[in-house]
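Enquirer: Just the structure for this:
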Amino acid sequence: FNFKKHITFSFFGLVLLLSFFCLPQVAQAKDYYFKKFSPQITINKDSTVEVKEYIELDFDGKFSKFWREIPYQKLDYISDISVMNKDGSLIGRDSSPKPYYEVEKDYGKTNIVIHDDIESETKVYQIKYLIHGVITYRDSWDEFYYNVVPSDRGKRIEESVASITLPSEVDPSKWKHQIY
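Expert: The predicted structure follows:
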């Protein structure tokens, strides 16, 4: 029996055990992606555009918030923002307990920040808002230009289905569309 070797192994074992329990854990990798991003767009007679986004996210790791950035590309402003859970119940604004959401208006964009306790799970949110000034009027035609799916999201979207509803006065035979 080698007493010195036994003490050395015991000492290193104790240090390893203590470091596991006492030192901060190394940050675990975390990520998320859009399982589904499906906007429903309704162009109103008054030229406002109502957007309802169904967003299904798959989170891997622990998160305390998710945000949806809406850039002001060819639009004036956004109003009437609301956020709902999967079951359609409204999420409170600027308050706790979680989940709740905040709206941050910045130069050239609106951020909708949803605060929630998320840990390696799928979450579904429905975001609704009204866009103003997104219709361009020309002499012989009008234009609706909007990024239906966010182009600078930095995360993959597994599935996306978008629908656009036009006012009943629009003649479908004269409607032209183009996807960029």
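Enquirer: can you pull the contacts of the closest residue to residue 117 other than its chain neighbours?
Expert: Leaving aside its sequence neighbours, residue 117 sits nearest to residue 98 (Cβ to Cβ, 6 or more residues apart in numbering; 5.5 Å). All C-beta spots, glycine's among them, are computed from the backbone N, C-alpha and C. By Cβ atoms under 8 Å, 6 or more residues apart in numbering, the residues touching residue 98 are 115-117.
Enquirer: Need the phi and psi values for residue 98.
Expert: Note on residue 98: backbone dihedrals following degrees, to the nearest 10 are phi -70, psi 150.
Enquirer: and the most centrally placed residue in the chain, bridged to which residues?
Expert: Centroid-nearest residue in the chain: residue 68, 3.9 Å away (criterion: Cα atoms, centre = their mean). For residue 68, the beta-bridge partners are residue 112 (DSSP bridges).
Enquirer: And it, how far from residue 140?
Expert: For residue 68, the distance to residue 140 equals 35 Å [Cβ to Cβ, to the nearest Å].
Enquirer: Residue 134 too?
Expert: Applying Cβ to Cβ to residue 134 and residue 140 gives a distance of 19 Å.
Enquirer: So between those two, which is more surrounded?
Expert: Counted by other Cβ atoms under 10 Å, residue 134 and residue 140 do not tie: residue 134 has more neighbours, with 22 against 4.
Enquirer: Find the residue closest to the more buried one in space, skipping its chain neighbours.
Expert: Leaving aside its sequence neighbours, residue 134 sits nearest to residue 75 (Cβ to Cβ, 6+ apart; 4.1 Å).
Enquirer: Next, work out how far apart the residue nearest to the centre of the chain and residue 125 are.
Expert: Separation of residue 68 from residue 125 (Cβ to Cβ): 8 Å.
Enquirer: Can you work out which residues contact both of those two?
Expert: Joint contacts of residue 68 and residue 125 (Cβ under 8 Å, 6+ apart) are 55, 114.
Enquirer: Give me the neighbour count for residue 157.
Expert: Using other Cβ under 10 Å as the criterion, residue 157 is surrounded by 16 other residues.
Enquirer: For residue 66, give its distance to residue 44.
Expert: 28 Å.
Enquirer: Show me which of those two is the more surrounded one.
Expert: Between residue 66 and residue 44, residue 66 has the larger neighbour count (other Cβ under 10 Å), namely 19 against 14.
Enquirer: can you pull the pLDDT of residue 4?
Expert: Note for residue 4: predicted pLDDT of 53.
Enquirer: How about residue 105?
Expert: pLDDT recorded at residue 105 is 89.
Enquirer: any low-confidence regions in the protein?
Expert: 1-28, 151-153, 179-180 (pLDDT under 70).
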